[in-house]
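**Q** structure of the sequence below:
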Amino acid sequence: MITERDLDAATVSNWMREIESVIRAERDHLVQLDAAIGDGDHGTNMLRGFEAVVQALGADSGSPPGRLLVLAGRTLVSSVGGASGPLWGSALRSGGRVLGDQATFEGQELVEVLAAALASVKDLGAASPGDKTMVDALEPAVDTLRERVAAGAPLADALDEACAAAEAGGRATIPMQARKGRASYLGERSIGHQDPGATSTGLILRALQRAVATGS
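**A** Alright, predicted model coming up:
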């Protein structure tokens, strides 16, 4: 079980490495999803970005977890084209600012980190649930994590349920008509395709679950 104050800089570094690994494994799938309703470069862009993040964090000399998230976000903005770089970059920087310079954090603070990330994405992308974007995966995950942590569930269990909510949210984008981003240009032709951003969001949250479990 994850105990209080058990999450730290190593958790963040492990999370970024887990993201790079899973995006590498799923890159072609993400490219296929994006090819149907976008530019077809989502998997490639995301992998490039998180490769750069892992390299940047590997060169860091002992920053606290919040600073690492800010560094990760800044690196994504500078290395990823399209919408995913600015969106995830802003999300991670916002989450990192929640933690400030503290050396460790716990489950409730992780909720606050992800809630700040979600708020940043919604603000920057002007997106709401039902628009067929990453918000359709991220918002139910944050809501679930908040509810389960508040109810006293072990963090590992709460994260598992949050990830399941994100994955269900991603699948729920299939019948939606896109109202934001490049996919919105397709109108009704966007219906019937799973949103690549919502899909990669589910992968990123599963990577977080694995990183937290590593520190248990």
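
**Q** average model confidence for the longest helix that the chain contains?
**A** Criterion DSSP state H: the longest helix present in the chain is helix 9-37. Here helix 9-37 scores 95 as its mean pLDDT.

**Q** past it, which element shows up next along the chain?
**A** Note on helix 9-37: by DSSP states H and E, the next helix or strand toward the C-terminus is helix 42-58.

**Q** run through who's touching the helix or strand just after that following helix.
**A** Sequence-wise, the next helix or strand downstream of helix 42-58 (DSSP H and E) is helix 65-79. Outside of helix 65-79, the residues within contact range by Cβ atoms under 8 Å, 6 or more residues apart in numbering are 7-9, 11-13, 16, 48-50, 52-53, 56-57, 60, 63, 84-86, 88-105, 113. The C-beta positions use only the backbone N, C-alpha and C, and glycine is treated the same way.

**Q** buried residues in stretch 30-40?
**A** 30, 31, 33, 34, 36, 37, 38, 39 (16 or more other Cβ atoms under 10 Å).

**Q** what residues are up against the residue of the chain most remote from its centre?
**A** Residue farthest from the centre of the chain, counting by Cα atoms, centre = their mean, is residue 188 at 27.1 Å. Residue 188 is in contact with residue 177, counting by Cβ under 8 Å, 6+ apart.

**Q** next one: residue 58
**A** residue 13.

**Q** look up how far residue 119 lies from it.
**A** Going from residue 58 to residue 119 by Cβ to Cβ, to the nearest Å gives 29 Å.

**Q** packing partners of the longest helix of the chain?
**A** Under the contact definition 3 or more Cβ pairs under 8 Å, 6 or more residues apart in numbering; DSSP states H and E, helix 9-37 sits against helix 42-58, helix 65-79, helix 196-214.
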